[in-house]
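Participant: one predicted model, sequence on top.
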Amino acid sequence: MIAERHVNLALVLGLIVVPSWALAADEPFTITLATRAVILALAAVGLNIALGIGGLVSLGHAAFFGIGGYVMGILAYHAQTFTPLDLGAFSIAGTKAMPVIWLAAIVLSAFVAAVIGALSLRTSGVYFIMITLAFGQMFYYFAVSWRSYGGADGMSIYVRNSFPGLDTLVPIQFFALCLVLLGLVLYLNARLVRSRFGLALDAARQVPLRVRTVGLDPLRLKLAAFVLSGAVTGLAGALYADLNRFVSPAMFSWQFSGEIMVLVILGGTGRLFGPVLGAVVFVALEHFLGGLTDFWQIYLGIILLLIVLFARGGIIGLLCGKRGLHD
Amino acid sequence: MSLLAVSALTASYGVSQALFGVDLELDEGEVLAVMGRNGMGKTTTVKAICRMIRSQGRLQFDGHDLHALPSFRVARLGIGLVPEGRRCFGNLTVAENLIATARPGPWDMRRVAYLFPRLDERRNQRAASLSGGEQQMLAIGRALMTNPRLLILDEATEGLAPIIRQEIRAAIARLKSETAMAILVIDKSLTDLRRVADRAVILERGKTVWSGRMSALTRQISQRFVGV
């Protein structure tokens, strides 16, 4: 067995070395692929907070991803058309500033996660899965019919949003920005897992009835985890929209919720770097197998099946043995 | 006014009624033994006090009606439970089990380690990998970390090796002598209960049938209701 920290270190080095090599070899597409992997990893790290630590099998996380994407799309659209964004009682100007967009994406995703969580966390098991799925689909159909912002066709943003001191149109600079954000979220995630809140959440996942007798409310713990999880996934959505300079209802689709879950399971549920490894492997398979055959997802399906059957801890579990996030 | 006042307490598991009228009172700094044969409602009474099951009747702690509170608020009021079967958080280490449940008050990791030095030696070990006795110590430590005013010990020495039972008994005796904590204890060993408890109540078929000072519990009464 390999020590988990060695696998994590190899992943971090890979995420630095491969794009650096691509920059030197003038392969901007590889950098874009790496950026996609990093952003998907961020979305999966978000889901991992709910799924891995809280044990919440959410099939509606695309809602937060889509909200992040649409926050970016709507704010950037109003900025590029110089029209105010009418919010009923008042109107605000659009913006192309990434930090403002990120903040708005995080706050709105967290708010929606709080509402969805407050309603759905009263259920558990298959009912929780179905309720989160239903909320995700609700947002999907809303986006499809929202003609002001492209409806089913989605909406293009002509120029990538800006970040002070960087030229975000240069692939390596945008990649570095996304990687720093991923690193920051992973650091906060590691701190969270070791905090009293993280430990109590882990305990609530294991023995929900028992934590009540030591004064902890499992519902509140899970709601807080769901909100944090939604906020991180929302941030990833804003970055993903910026990467593609395009938002569409597909960001809200249940297929995408499933895709994020695949990333977490593939890498290792509840492992700090599991979602990162899952995203890297997924994007690599998508690229290399996708180049060989249009039916590459069949092979992904087979790999996923093998992982679920024989490596319950995902690829990291297979490499490092069974252990949890707080190791 | 008693710290814990229970009267005419009834409770059911679905259609099956388990408690038919439990009465007990417990003051600050007092140790109360709840006795009775198997299946007479001792653990059910504890579950009702901790609001883990629905119940009716009078259930007051420090003037608060416990029936109006969810179980986690009951624990925050100051009722710490050491449940039957330990139920530690197996995936967490000893230290993490204690940190996760900590609430402000005099009981902290250092004091728990002083009470159970064995736990301190195993602080980075997963709870699931501890021996039964160590898990029991952890369950007591975890309840103490919530800084309770009332500690409930449900069969705390059940199924443990004699040497570990002795260690846990000594810890309970120290809690009694060194703190003002009220303790409600359920145990099969009458000898142990006689050593530690000030008063006792005996339950039979979900009802209090005897209560009084431990010194007044004659052999005749204990043989009739407890069988020893």
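Facilitator: Cool, got the structure. This structure is a prediction, so every number in the text was calculated from the model and none was measured.
Participant: contacts and neighbour counts: CA atoms only from here.
Facilitator: Will do.
Participant: now do the most centrally placed residue in chain A, the pLDDT please.
Facilitator: Geometric centre of chain A, nearest residue: residue A:43, 0.7 Å, by Cα atoms, centre = their mean. The per-residue pLDDT reported for residue A:43 equals 98.
Participant: for residue B:87, same thing?
Facilitator: 79.
Participant: thought residue A:208 was touching it, still the case?
Facilitator: No. Using Cα atoms under 8 Å, residue B:87 is not in contact with residue A:208, being 11.1 Å away.
Participant: show me the contact partners of stretch B:110-125.
Facilitator: Stretch B:110-125 is contacted from outside by B:93, B:94, B:95, B:134, B:137, B:138, B:141, B:144, B:145, B:171, using Cα atoms under 8 Å, 6 or more residues apart in numbering or on different chains.
Participant: for the record, mean pLDDT for it?
Facilitator: Mean predicted confidence for stretch B:110-125 is 94.
Participant: what's the answer for stretch B:22-41, then?
Facilitator: Per-residue pLDDT values over stretch B:22-41 give a mean of 94.
Participant: same deal with stretch A:316-327?
Facilitator: 71.
Participant: from the chain's centroid, how far away is the lowest-mean-pLDDT helix or strand in chain A?
Facilitator: Lowest on mean pLDDT, DSSP states H and E among the helices and strands of chain A sits helix A:208-212, with a mean of 84. Relative to its parent chain, helix A:208-212 has a centroid offset of 29 Å by Cα atoms, centre = their mean, to the nearest Å.
Participant: now check that helix, is it near chain B?
Facilitator: Yes. Applying Cα under 8 Å from any Cα of the partner chain, one finds helix A:208-212 in contact with chain B at A:209, A:210, A:211, A:212.
Participant: TSV please, covering those residues and showing distance to residue B:191.
Facilitator: Listed next are those as TSV, based on distance: Cα to Cα, whole Å:
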residue	distance to residue B:191
A:209	32
A:210	30
A:211	32
A:212	33
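Participant: so which of those comes closest to chain B?
Facilitator: residue A:212 (4.3 Å; Cα to the nearest Cα).
Participant: using CSV, list the CA coordinates for the least confident helix or strand of chain A.
Facilitator: Listed next in CSV are the C-alpha coordinates belonging to helix A:208-212 (Å, rounded to 0.1, in the frame of the first residue of the first chain):
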residue,chain,number,x,y,z
PRO,A,208,-27.2,9.9,14.2
LEU,A,209,-29.3,9.0,17.2
ARG,A,210,-26.2,8.8,19.5
VAL,A,211,-25.0,12.4,18.6
ARG,A,212,-28.2,13.8,19.9
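Participant: helices or strands up against the helix or strand following it?
Facilitator: Helices and strands here follow DSSP states H and E; after helix A:208-212, the next one along the chain is helix A:218-244. Packing partners of helix A:218-244 (3 or more Cα pairs under 8 Å, 6 or more residues apart in numbering or on different chains; DSSP states H and E): helix A:28-48, helix A:62-80, helix A:98-120, helix A:196-206, helix A:208-212.
Participant: who in chain A is up against chain B?
Facilitator: Counting by Cα under 8 Å from any Cα, the residues of chain A near chain B are A:196-197, A:199-200, A:202-203, A:206-207, A:209-217, A:324.
Participant: buried residues, stretch A:107-121. List them.
Facilitator: A:107-114, A:116-118, A:120-121 (16 or more other Cα atoms under 10 Å in any protein chain shown).
Participant: ok, now which ones touch residue B:72?
Facilitator: A:211, A:212, A:213, A:214, A:215, A:216, A:217 are the contacts of residue B:72 under Cα under 8 Å, 6+ apart.
Participant: so residue B:153 touches residue B:183, yeah?
Facilitator: Yes. Taking contacts as Cα under 8 Å, residue B:153 lies within contact range of residue B:183: 7.5 Å.
Participant: compare these two (neighbour count), which wins?
Facilitator: residue B:183 (28 against 24; other Cα atoms under 10 Å in any protein chain shown).
Participant: any idea how far stretch A:100-108 is from the middle of the chain?
Facilitator: Relative to its chain's centre, stretch A:100-108 lies at 14 Å (Cα atoms, centre = their mean).
Participant: just the buried residues of that stretch, please?
Facilitator: A:101, A:102, A:103, A:104, A:105, A:106, A:107, A:108.
Participant: any idea where the helices of chain B begin and end?
Facilitator: B:42-49, B:71-77, B:94-101, B:109-115, B:117-121, B:132-145, B:162-178, B:190-196, B:219-225 (DSSP state H).
Participant: what's the closest of those to residue A:24?
Facilitator: Closest of those to residue A:24 is helix B:94-101, at 46.5 Å (criterion: Cα to Cα).
Participant: okay, the angle between the closest one and helix A:196-206?
Facilitator: Orientation check (axes from the mean of the first three to the mean of the last three Cα atoms, to 10 degrees): helix B:94-101 against helix A:196-206 gives 100 degrees.
Participant: other SSEs contacting helix B:94-101?
Facilitator: helix A:196-206, helix B:109-115, helix B:132-145.
Participant: how about 7 Å then?
Facilitator: Under the contact definition 3 or more Cα pairs under 7 Å, 6 or more residues apart in numbering or on different chains; DSSP states H and E, helix B:94-101 sits against helix A:196-206, helix B:132-145.
Participant: which one of those helices has the most crowded surroundings?
Facilitator: helix B:132-145 (a mean of 26; mean count of other Cα atoms under 10 Å in any protein chain shown).
Participant: which residues are in contact with that helix?
Facilitator: For helix B:132-145, the surrounding residues in contact (Cα atoms under 7 Å, 6 or more residues apart in numbering or on different chains) are A:214, B:80-82, B:86, B:88, B:94, B:97-98, B:101-103, B:107-108, B:112, B:116, B:119, B:127, B:156, B:160, B:164.
Participant: for PyMOL, write the select line for the buried members of those residues.
Facilitator: Filtering the contacts of helix B:132-145 down to the buried ones (16+ other Cα under 10 Å) takes a single PyMOL command:
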select buried, (chain A and resi 214) or (chain B and resi 80+81+82+86+88+94+97+98+101+102+103+107+108+112+116+119+127+156+160+164)
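Participant: how about low-confidence regions in chain A?
Facilitator: For chain A, applying pLDDT under 70 flags the ranges A:323-327.
Participant: got a list of what the spatially most distant residue from the centre of it touches?
Facilitator: Distance from the C-alpha centroid of chain A peaks at residue A:213, with 33.8 Å (Cα atoms, centre = their mean). Counting by Cα under 7 Å, 6+ apart, residue A:213 makes contact with B:50, B:71, B:72, B:75, B:81.
Participant: for the residues you listed, which one is nearest residue A:189?
Facilitator: residue B:72 (26.1 Å).
Participant: pull up the per-residue confidence for the closest one.
Facilitator: pLDDT, residue B:72: 94.
Participant: measure it to residue B:41 for me?
Facilitator: From residue B:72 across to residue B:41, the span is 22 Å (Cα to Cα, to the nearest Å).
Participant: then residue A:184?
Facilitator: 53 Å.
Participant: comparing those two, which residue is more hemmed in?
Facilitator: residue B:41 (25 against 12).
Participant: what does residue 53 show for phi and psi?
Facilitator: Unless you meant another one, I'm taking chain A. Here is the backbone geometry of residue A:53 (degrees, to the nearest 10): phi -90, psi -40.
Participant: could you do residue A:217 as well?
Facilitator: The phi/psi pair for residue A:217 (degrees, to the nearest 10) is phi -100, psi 110.
Participant: if we ignore the residues flanking it in sequence, what's nearest it?
Facilitator: Spatial nearest neighbour of residue A:217, chain neighbours left out: residue B:72 (5.8 Å); criterion: Cα to Cα, 6 or more residues apart in numbering or on different chains.
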